[in-house]
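Participant: Here is the input, now give the coordinates:
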Amino acid sequence: MKVSAWTTRVDESQYRYRLQFDNIEGKRKRNRIMKEMVEVYECEESGGGYTKGGNYILLFSKDFASPKEWIKWARKLAYPVVEYNSKAKPKPIKLGTNYDPKRGRKRKVPSE
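Facilitator: Residues are numbered from 1 along each chain as shown. Okay, here's the model as predicted:
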């Protein structure tokens with residue numbers, strides 16, 4: 001399963017992010033994703049349909065006040081998410097299960 005994300009600007013103070021779940025195999029998995037995204041992550045279902053291969057696609061959307069709020073929220077997702085820019089190129093930000101909070105620079109602990 002592949003999860004893609006992109007943004008559209010609603011107005012000057014609001015961003016709408018869309019999530020697309022590709023290649024969902026089976027009705028149980030589709031229903032589990034729908035329930036989790038609507039109830040746990042508070043997204044609204046934007047659409048869905050079938051691919052030529054018979055797999056299902058789901059679309060969800062959620063509004064945020066800033067891109068920082070989106071990143072903070074998207075890092076908690078239980079799926080590997082790739083965000084795309086307006087030119088359909090993937091952004092280097094790690095979201096969902098791709099995000100590892102333990103990586104990066106180690107913080108200095110203040111000594112007493």
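Participant: Where does the prediction get shaky in this structure?
Facilitator: 103-112 (pLDDT under 70).
Participant: all strands in it, in order from the N-terminus.
Facilitator: 2-11, 14-24, 44-50, 56-64, 80-83, 95-96 (DSSP state E).
Participant: So for A74, which of the ones you listed sits nearest?
Facilitator: strand 95-96 (4.2 Å; Cβ to Cβ). Using the backbone N, CA and C atoms, a C-beta is placed for each residue, glycine as well.
Participant: what about the closest one, distance to the chain center?
Facilitator: 7 Å (Cα atoms, centre = their mean, to the nearest Å).
Participant: Is it correct that G47 is in contact with L59?
Facilitator: Yes. Here G47 reaches L59: they are 4.3 Å apart, a contact under Cβ atoms under 8 Å.
Participant: neighbour-wise, which of these two wins?
Facilitator: Shown here are G47 and L59; by other Cβ atoms under 10 Å, L59 has more neighbours (16 against 11).
Participant: tell me the contacts of the residue lying closest to P67 once chain neighbours are set aside?
Facilitator: In space, P67 comes closest to Y15 once its chain neighbours are excluded; the distance is 6.4 Å by Cβ to Cβ, 6 or more residues apart in numbering. Counting by Cβ atoms under 8 Å, 6 or more residues apart in numbering, Y15 makes contact with 7-9, 63-67, 70.
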